[in-house]
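Structural data only, the sequence is not supplied:
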Ligand SMILES: [Zn+2]
Ligand SMILES: [Zn+2]
């Protein structure tokens, strides 16, 4: 095993633990895998060698390892990078033209709490996935079936007590990919900017909504606004109200929420 210094030296995102690799700088998982293939006969051999060496000595967490762990944790907290994986093409290009180290401000994007465009529920940005609503890169396999599912007019017929104007105002008019048709979709309209409406940018959606809508036969996402969840725009005083306070208010339609606290994660 190599020695890690106690001194505050700059640490790479990923370090190789073996002797002779003290100066190796690994930026991401792909780098690490290549390094293992080149120098240590593959990741599995590297892993076994490390485990064997660790069993023969008492591993000491030196200052530099401690700092690297904190650095990775803060990277996740601030930028939402869950692992040193899947660098974007832009990031890779910057790595290639720079000195092989990616400056912090160029890594990923800022970690944010954002709403899913389909269900309007908040999620951390790393849990959201890009979805192209229209255009050549459209993520839907059957865009017209998705438009049927999220059709505001159908919603107005199903829920006559919800103000129809507000349902229409929360709809986004989109060109259906592959056709000349334009259809309205009931979405979190404030989160769909002009670029996304023209197919030049993706919107953020949660994993459940994404999985339901990109299927060969798209299904209604269970938590979608269009699945009976849109009750109209909240009055201004309600919009700035804390979530707990809102739950105490009488609602227009009966909604029950069951929260179960358990210590057994296998049987929540
Ligand atoms: Zn190595
Ligand atoms: Zn969602």
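Looks like it came in fine. Quick caveat: nothing in here was measured; it's all calculated off a predicted structure. Ligands and ions are numbered 1, 2, ... in the order given.

how close does the residue in the chain sticking out farthest from the centre get to residue 65?
The C-alpha centroid of the chain is most remote from residue 56, which lies 40.6 Å away (Cα atoms, centre = their mean). According to Cβ to Cβ, to the nearest Å, residue 56 stands 19 Å off from residue 65. For the C-beta atoms, the positions are set from N, CA and C on the backbone; glycine is no exception.

after the longest helix along the chain comes which helix or strand?
When the chain is parsed with DSSP state H, its longest helix is helix 63-79. Sequence-wise, the next helix or strand downstream of helix 63-79 (DSSP states H and E) is helix 89-97.

Helix or strand: which one has residue 264?
Judged by DSSP H and E, residue 264 forms part of no helix or strand.

got the contact list for it?
Under the criterion of Cβ atoms under 8 Å, 6 or more residues apart in numbering, residue 264 has no neighbours.

Tell me how far it lies from ligand 1.
41 Å (Cβ to the ion, to the nearest Å).

ok, back up a step: quick one: buried residues of the longest helix of the chain?
Buried residues in helix 63-79, counting neighbours by 16 or more other Cβ atoms under 10 Å, are found at 64-65, 67-68, 72, 75, 79.

Can you tell me which of those is closest to residue 174?
Comparing the buried residues of helix 63-79 against residue 174 with Cβ to Cβ places residue 79 closest, at 30.8 Å.

any idea how far that closest one lies from residue 72?
11 Å.

Look at residue 183 and tell me its secondary structure.
Of the three states, residue 183 takes strand according to DSSP: H, G, I helix; E, B strand; the rest coil.

Please apply the same query to residue 123.
Assignment for residue 123 (three-state DSSP): strand.

Return the residues of this structure in contact with ligand 2.
Neighbours of ligand 2 within the chain, by Cβ under 5 Å from the ion: 116, 118-119, 206, 209.

While we're on the residue of the stretch 151-268 of the chain found nearest ligand 1, how confident is the model there?
The stretch 151-268 of the chain approaches ligand 1 most closely through residue 207 (34.9 Å), counting by Cβ to the ion. For residue 207, the pLDDT comes out at 94.

Chain neighbours aside, what residue packs nearest to residue 188?
Nearest non-adjacent residue to residue 188, counting by Cβ to Cβ, 6 or more residues apart in numbering: residue 120, 4.2 Å away.

Wasn't that neighbour part of a strand?
No. Looking at residue 120 with three-state DSSP, it is coil, so not inside a strand.

Alright, that wraps it up for me.
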